[in-house]
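Q: Got a predicted model here, sequence first, then my questions.
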Amino acid sequence: MASARTLLTRTFVLLLAAGLTAAAAQSQLTIMQTEAPRSMDPANHTATFTASVLYPMYEGLVEMDEDQAIVPGLASQWTISEDGTVYDFTLREGVTFHDGTPFDAEAALVSLHRLLDPDAGLAGAGRFQPVIREIEALDDMTLRFHLFDPYPAFLALMTASQAGLVSPQAWEAGTLDREPVGTGPYRFVEWVSGERVVMEANPDYWGGEPEVERLVWTWSPEDAVMTMSLQAAEVDIAAPLPPVFAPTIDANPDIEVVEVTGSRVFWIALTTTIEPLDDARVRRALNHATDKQGIVDSLLRGFGVPATSPLAPPNFGFDPTLEGLPFDPEGALSLLEEAGVSDGFTVNVAVQEADANVVEALQAMWGAVGVQLNIQVMESGVWSEAAFADPEGKARDDVHAAYASWATGTLDADGQLRALYHTDSWAPAGANLGFYSNERLDELLDIGASTTDVAVRLEAYAEAQRILLEDAPHVWLHYPQALAALRTEVGGVWLSPAGQLMIRQPTLN
């Protein structure tokens, strides 16, 4: 029997589809994801599915195409100094923001300087501040970036959602969190909290007005709702597609399942500042108590592989020789005894509703070694506050761990490892949710980020992965395949390894 939540969500989808497609003259795509966007400001989030919603409305200086190549965006060309610390970007002519503000170097500086301002408090800015020393306008249509050190992943970093350029007027008005203003092929219509985000084609888009006139974004944490909505043609695109339903969806001749080797790593961040999780032996024990292959087989239906490293295979720096921390309950018991906690202890884990089934599977696994796992299921916004709380906030709320995932759109080790494990990335400023710190690891990450020598970078990241496996600040679970589904008449849409939907110039055949 369907739950009340399922019935209510499904009723909403039916009403939405009926109401928003009533105007036959207007072509529309309806997209469903598992969670609502967290902000309409591209710099004020770190969530893949928020990036999906914002992608049609915002553009960066450079973009990453479907082949993971760096291509021009709002910059038509660029040059790099011999020492790798100075980048000059020639800006594209004839571009305006959705509010009519001309796009030029002065406007771009307002957007980019806020990434460097710690007082702005932008959630996604921490990735840029250690890299960019200064940005200046050489003339009306030329920007120069000065980096602190050579940063080989800089162009890739500038393809991130957070580098999307916003209207200076909207930023100064303080309205971007609710009302986006970019330069992209779609412009904002409305955001109805808990229901939908609507955007319409931008007739003044420099790349040509999109063929599809309207995009409607909805969300539901219920796997069954997403699947039924696809089958009933109430939504045109769904991501991430629940693996359990992928074979059924793929059997429908009107729907195409898109599968991409994923760069996302799923994990449980352990709060390393509280007992007994401050002991690396305990943290390794929790890894050994986790049947990762079992989770992949039962919950992912084989659409993924157990994690052997904090990095996923598509990322530069991934070490394929690592065996990780395999399922070994006896080894887990020995480590817990060695750490003096063989009598057991309790871990409270914060998890979003859509992910609860994975953590529920861990209860029996960890229970077998004497660890009681208490699951704190939270709505997305509440979870974000709990997971990104500072050490005092975690202690106050009794949050010992958080279930989450991370994928860097740059596909570079620095984007994955620095954000999650560097001491400078402690929450709430970064995504080091468990306040892990290791001086040698910080040194290695700094080396890997600041040299253009590929061999040196690979060596640094290989050692970094070995240190992390020894210290085990996370329980690493799996690398899922990125899965999405779209109706066969939909074109011009692709899926990144991080699982982000890339919709700029969609078509309907």
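A: Everything's here; your move. These numbers come from a predicted model, not from an experiment. Residues are numbered from 1 along each chain as shown.

Q: where does the chain have low pLDDT?
A: Under the criterion pLDDT under 70, the flagged ranges of the chain are 1-25.

Q: Break it down into its structural domains.
A: For the chain, automatic domain parsing gives the domain ranges 4-57+184-261+482-508, 62-172, 265-480.

Q: Would you reformat these as TSV and include mean neighbour count?
A: Every C-beta, even on glycine, is put in place using the N, C-alpha and C of the backbone. Output for those, formatted as TSV (neighbours: other C-beta atoms under 10 Å):
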stretch	mean neighbour count
domain 4-57+184-261+482-508	19
domain 62-172	17
domain 265-480	19
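
Q: can you tell me which residues contact the nearest residue to Ala201 once chain neighbours are set aside?
A: Using C-beta to C-beta, 6 or more residues apart in numbering and skipping the chain neighbours, the partner closest in space to Ala201 is Pro210 (4.5 Å). By C-beta atoms under 8 Å, 6 or more residues apart in numbering, Pro210 lies in contact with 185-186, 201-202, 504-506.

Q: rewinding a little: is it possible to export the domains of the chain to a markdown table including distance to Arg178?
A: A markdown table is the format used below for the domains of the chain (distance: least, C-beta to C-beta, whole Å):
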| stretch | distance to Arg178 |
| --- | --- |
| domain 4-57+184-261+482-508 | 6 |
| domain 62-172 | 10 |
| domain 265-480 | 14 |
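
Q: and for stretch 69-87, what are the contacting residues?
A: Against stretch 69-87 from outside (C-beta under 8 Å, 6+ apart): 59-65, 88-93, 95, 103, 108, 143-152, 154-156, 159, 165, 183, 452.

Q: Correction: the previous question concerned stretch 447-460.
A: For stretch 447-460, the external contacting residues (C-beta under 8 Å, 6+ apart) are 84, 130-131, 149-153, 316-317, 413-414, 417-418, 444-445, 461, 464.

Q: so how far does it reach from one end to the other?
A: Chord length of stretch 447-460, first to last residue, is 7 Å (C-alpha to C-alpha, to the nearest Å).

Q: ok but Gln372 is inside a helix, no?
A: No. Counting by DSSP: H, G, I helix; E, B strand; the rest coil, Gln372 is not part of a helix but strand.

Q: Return the residues in contact with it.
A: 344-347, 366.

Q: so Asp424 touches Tyr436, yeah?
A: No. Between Asp424 and Tyr436 there is no contact under C-beta atoms under 8 Å: 11.7 Å.

Q: how about TSV for the contacts of Pro210, with secondary structure and distance to Arg301 added?
A: Output for the contacts of Pro210, formatted as TSV (DSSP: H, G, I helix; E, B strand; the rest coil; distance: C-beta to C-beta, whole Å):
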residue	secondary structure	distance to Arg301
Pro185	coil	35
Tyr186	strand	34
Ala201	strand	37
Asn202	coil	39
Arg504	strand	31
Gln505	strand	32
Pro506	strand	28
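
Q: and the gap between the residue nearest to Ala201 and Ala280?
A: Distance of Pro210 to Ala280, computed by C-beta to C-beta, to the nearest Å: 52 Å.

Q: Let's see the helix or strand encompassing Thr248 as CSV, backbone CA atoms only.
A: In the assignment (DSSP states H and E), Thr248 maps to helix 246-250. In CSV, the C-alpha atoms belonging to helix 246-250 read as follows (Å, rounded to 0.1, in the frame of the first residue of the first chain):
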residue,chain,number,x,y,z
ALA,A,246,16.4,0.9,-13.5
PRO,A,247,15.7,-2.5,-15.2
THR,A,248,12.0,-1.8,-15.2
ILE,A,249,12.4,1.7,-16.6
ASP,A,250,14.9,0.5,-19.3
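
Q: Remind me what it packs against, helices and strands.
A: With contacts defined as 3 or more C-beta pairs under 8 Å, 6 or more residues apart in numbering; DSSP states H and E, helix 246-250 has these neighbours: helix 223-231, strand 255-260, strand 482-487.

Q: change it to 6 Å
A: Applying 3 or more C-beta pairs under 6 Å, 6 or more residues apart in numbering; DSSP states H and E, one finds that helix 246-250 makes contact with strand 255-260.

Q: who touches the strand it packs on?
A: If you take C-beta atoms under 6 Å, 6 or more residues apart in numbering as the criterion, strand 255-260 is touched by 230, 246, 249-250, 481-488, 495, 497.

Q: Please identify which of those residues is nearest to Ser263.
A: Taking C-beta to C-beta as the measure, Ser263 lies nearest Pro497 of the contacts of strand 255-260, at 3.9 Å.

Q: Quickly find the element holding the residue lying closest to the closest one once chain neighbours are set aside.
A: With C-beta to C-beta, 6+ apart as the criterion, Pro497 has its nearest non-adjacent residue at 3.9 Å, and that residue is Ser263. Following DSSP H and E, one finds Ser263 outside all helices and strands.

Q: need the contact list for Ser263.
A: So Ser263 contacts 312, 314-315, 407, 411, 497-498 (C-beta under 6 Å, 6+ apart).
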